[in-house]
Each structure stands twice: as C-alpha cells, then as structure tokens.
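>>> return atomic coordinates for the entry below.
(chains A and B)
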Amino acid sequence: MLDIKFIRDNKDLVQMGAKKKHIDFDVEELLKVDDKRRELISEIEKKRAEQNETSDKIVRISDPVEKSEMISKMQALKSELQKEEEELKTVMHDWQSLMVRVPNIPDMSVPEGNSDEDNKEISTWGEIPKFDFTPKSHMELMENLNMLSLERGTKVAGFRGYFLTGDGARLQFALWQFVNDYFLKKGDWFPMIVPSLVRREAFMGTGYLPQGEEDLFKTQDGEFLSGTAEVSLMGYHMDEILDKKDLPKKFIGFSPAFRREIGAHGKDTKGILRVHEFYKFEQVVLCEASHTESVKFHEEIQANTEGIMQALGLPYHVVINCAGDLGLGQVKKYDIEAWLPSENKYRETGSASYFHDFQTRRLNIRYRDDDGKMKFVHSLNNTALSGRPLIMIVENYQNADGSIRIPDVLQQYMNGQKIISKK
RNA sequence: GGAGGGUUGGCAGAGUGGUCUAAUGCGCCGCACUCGAAACGCGGUUGGGAGCAAUCCCUCACAGGUUCAAAUCCUGUACCCUCCGCCA
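Below you'll find the predicted structure:
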C-alpha cells in the first residue's frame, strides 16, 4: 500500500508505475473517491464536534425545558450524522479496495517488459557441465537410486505428491544443515521456524491477498497455507513499534511451503521441479526507511544466496525481472536460476525483492526515527534455499553410471559419504 | 469439545452511562535540588487523521447495536487464562 498523500502528490508517477508493470489501475478514479472521502470526513467531524460540545452542556444544565430542547436537537443531528456515516462507509469500502490495488512503483533500473521472457540476464556464475553421455533427469536418477518415490507419492498424496527416501532424504537434510550453518556463521541472522498455517492478515500485509487467493490452499477454518516463510516472518512484528537501534533485523526462517500451482496444471509434470509442498529457507530483512538501505540489503541478501549456490558448485545466472513480471508490491526483483541439464536451461531457484514500505504500511510495522517521526520500516526478502537445488545437484553432479557425486560442502553432513550409487 | 474468567496508555492496574481531557504506581524524558548521585519535589510522556493556522475529530482487543451521550449496557468475532474432556 502506498501513502494516499504520496499518491495525491505524485499521481503521474504512480500512474506511470502501474503502466510500466502492465497493471490496469486508474489513479484518477482513486483520487475522485478520495476527494469524496475527505469531504465526508470533514462534514462528519464538524457534526461530531457540535455533538461533543452540546453533550457537555447537557450534563451541566439544570433547566429541564432547555435540557430536553437540546436533547431533541441532538436527536436530529444524530440522524443526519448517521446518514453521512453510512455514506462514508460505502465510500471507505471503495477507497480501501482501490488502495490495496495501487501498485508500488518499480525502480528506474527495472527494464521494460511484459513477462518473464523480457527479464534480462545480469550475471552468470560457474561452468555449465559438459557430459560425454546424455544426462538423465533428476527423476530418473533419483528413482534409480531409491532417493525418490513418485509412484507412492501420488498414491498417498495425489497429483505432484512425492516421497524423498533414503539418500534423497539424507541429501535434503544435508542441504538444510549446510544452509543453517551458513547463516549461523554470518552471526547476525536470527533463525526462526515459522508457521505455515497462517491467518488472512499476514497474507494481506505481504501483498499475496486480496488478489491471488486461488493460488493458496485454504482451510475450513479460514486460514491459508503459506507458500513461503516470508508471510509469517513479516507477520512476526505486525502492529509493533520497533526500536531504531534494533534495525536492521535479519531473519532466516525455515518452513514448509505450499503452492497450489493452479495455473500450471500442464507445466513441469515430470519429477519434483514443481510440487505442492516443499521446505524452504527464506531471508527477510526489516531496515530503516531509506532507499539506500533497501538497495544495500537487497544486494546483501542476493549475495547470500549466490554464496550458497557457489558453495554447492551449481552453475547459475541472475536475471533482473522486467516491470511486467513484478508483483504488486515489488520495487525491484532478481531471480536466481540454476542450470538444469535435463532441460538444457536455467530454472528458477529463488527470487530477491524489495518493497520499500509497501508491506510494512499494510502490516503496520513502524519505528521512531531520529527526527521524532514514526516511520514504516522497509522490507526485503530472498529465498535462501528452496526445494529445487536438490534437483540441480542431482542432475549436475551425475556420472555416466547413474551415480551422483556429493558436493564437497555437504559431505560432512552425510557422514563423510562422497557418492550416491546403487547399493 | 464443555464450563467459567479476562483483553484499558511503554508496563502494572483503577474505572460498570455524562466533569474520562482515563485515577494511581512503575518506567522513561525534562527541570529543580546536589560537589556529584540516590531519594524527595515540579512538569511531561498512546497512536492516527482533517486544516495555512487557531483548532477540531478519532483511538480503552476488533466489528456492529442501544442512547442526546458508551471504556462502562447489548450482540458477534478474535485472542489470552483457569478447570474438565480428548490427545503427541
């Protein structure tokens, strides 16, 4: 959500931002509603002031005739007030539903474009592996090595269900432990295991709702299953006033992640590239309300994730998302995509975004700045480790005989094991 | 799942229709005192909104309702606590 005052003062900028993101939003329509809102508020406040003043007099006055005159005058005022309040309620409803749809303005450095096809590569790392044999898919490799059971996965869980078994489970645990240690060694990251079953507010606050409800699993009690720990991590300080001296806050959260993948029924149906549930480490940063700070931490969380990919020896590239591929609240986003040999292309393993105060305004997370003013903190997030790097490791580290070399940094978490091969 | 109790400012806690502009205490900030400090004393201390300003409006979990007037009465919702039941 943007500040209405900011929108009023910068309506052209906001309109251009929406256009750049290819989001259909009419700023003028919002401003018209806002004019009505402000007019009604000022009317209502005038009447309330009169009501308050007269109420004071009613208490003090002793003459019963004068008193009942005042009361009937107030009765009349009340019915007028009620009419206006009713009108305001309608206007507020329209106003709010427009306000939550105002897109945040993309950064200058964000390229124009319509979809992910227009994203621009900005860096690459690592050597794309050359095989002197036809590389197998992670599905084939893992099932052969008893690391994965898709058949039983679908039997038990249905479409996109899977079991990680044996060395598949061990390798996944090794990855988690590696990532946990990676942030532990950095020292200033606060680890959390967070809820995935989350109420509506945090989804509204992070910008996943109200639009996009069909992407979420929902319980019969009205909670949603979150697709990322970001939702809970951002909700953690909801409605709080933080101490400036505690900023920045750097959270590394771990949680199951649920994705309904409702618009992707025919996509990536082989293997476990696209699944309904997986586990994920997510970085979230809350920092001072400064663009410079946001940019600084955006680069930092991006470097963290690249550091993990490099330690794992996974070739990847980074793309900057074009404006049309940005979410409502995002100012700028990098996607990190690792090489997937079986598809002969890069596939996304995570994305790093910053939002300025778009999320924290909705979540009401503030701090008092040195000038004495309350400000909304800035928020950022980035995947640290999704479920996909496991797949990338299996495919990139495969040998001709179908065995899989274990990346050096993971061996200590696999009891020294160096290779996964058929037993 | 059942029964009961609760939710008030940074914290504790009083207030059960009108002077609540929310007592009191603690904490915090300032002033005074002091060589300096503690104690004592005095003053201040929720957040948001409208307006050029004076000023005004809202805010006692949230949403409705009753009333000329609601922290206070009624209804619903959320959360917390206690006990019972169930359960890892």
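
>>> and the stretch 151-300 of chain A, which residues reach RNA strand B?
A:Ile241 (C-beta under 7 Å from any atom of the strand). Every C-beta, even on glycine, is put in place using the N, C-alpha and C of the backbone.

>>> strands of the stretch 151-300 of chain A, start to end?
Using DSSP state E, counting those that start in this stretch, the strands found in the stretch 151-300 of chain A span residues A:163-164, A:190-193, A:197-198, A:217-218, A:224-225, A:241-242, A:249-258, A:277-287.

>>> what's the mean pLDDT across the longest one?
Right, strand A:277-287. What strand A:277-287 shows for mean pLDDT is 96.

>>> can you check the second one too?
Computed over strand A:190-193, the mean pLDDT rounds to 94.

>>> the first one too?
Per-residue confidence for strand A:163-164 averages out to 97 on the pLDDT scale.

>>> who does it touch, helix- and strand-wise?
Contacts defined by 3 or more C-beta pairs under 8 Å, 6 or more residues apart in numbering; DSSP states H and E place strand A:163-164 against strand A:148-149, helix A:150-157.

>>> again with the fourth one
If you count contacts as 3+ C-beta pairs under 8 Å, 6+ apart, strand A:217-218 packs onto strand A:224-225.

>>> dump the helices and strands packed on strand A:163-164 into TSV; add mean neighbour count and mean pLDDT as well.
Output for those, formatted as TSV (neighbours: other C-beta atoms under 10 Å; pLDDT from 0 to 100):
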stretch	mean neighbour count	mean pLDDT
strand A:148-149	24	97
helix A:150-157	14	95
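
>>> of these, which is nearest A:Tyr413?
strand A:148-149 (19.0 Å; C-beta to C-beta).

>>> so what strands line up beside that closest one?
strand A:163-164 (antiparallel) (DSSP bridges).

>>> just the residues contacting the partner strand, thanks.
Here strand A:163-164 makes contact (C-beta atoms under 8 Å, 6 or more residues apart in numbering) with A:Met147, A:Leu148, A:Ser149, A:Arg152, A:Gly153, A:Val156, A:Gln172, A:Leu390.

>>> swap the cut-off to 7 Å and go again
With contacts defined as C-beta atoms under 7 Å, 6 or more residues apart in numbering, strand A:163-164 is touched by A:Met147, A:Leu148, A:Ser149, A:Arg152, A:Gly153, A:Gln172.

>>> show me chain A divided up by domain.
As assigned by automatic domain parsing, chain A contains the domains A:4-99, A:116-420.

>>> need the helices and strands packed on strand A:163-164 in a markdown table with distance to A:Gln75, can you?
Formatted as a markdown table, the helices and strands packed on strand A:163-164 follow (distance: least, C-beta to C-beta, whole Å):
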| stretch | distance to A:Gln75 |
| --- | --- |
| strand A:148-149 | 74 |
| helix A:150-157 | 64 |
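
>>> run through the bridge partners of the residue in the stretch 201-350 of chain A that RNA strand B sits nearest to.
Distances between the stretch 201-350 of chain A and RNA strand B by C-beta to the nearest atom of the strand are smallest at A:Ile241, namely 7.0 Å. Listed beta-bridge partners, A:Ile241: A:Arg366 (assigned using DSSP bridges).

>>> all helices for the stretch 1-150 of chain A, in order.
A:4-9, A:11-20, A:27-60, A:64-99, A:138-144, A:150-157 (DSSP state H, counting those that start in this stretch).

>>> may I see the buried residues of the first one?
Translated: helix A:4-9. Residues of helix A:4-9 classed as buried by neighbour count (16 or more other C-beta atoms under 10 Å): A:Ile4, A:Ile7.

>>> what's it packed up against?
Contacts defined by 3 or more C-beta pairs under 7 Å, 6 or more residues apart in numbering; DSSP states H and E place helix A:4-9 against helix A:27-60.

>>> give the other helices and strands that the helix it packs on contacts.
In this structure, helix A:27-60 packs against helix A:4-9, helix A:11-20, helix A:64-99, with contacts taken as 3+ C-beta pairs under 7 Å, 6+ apart.
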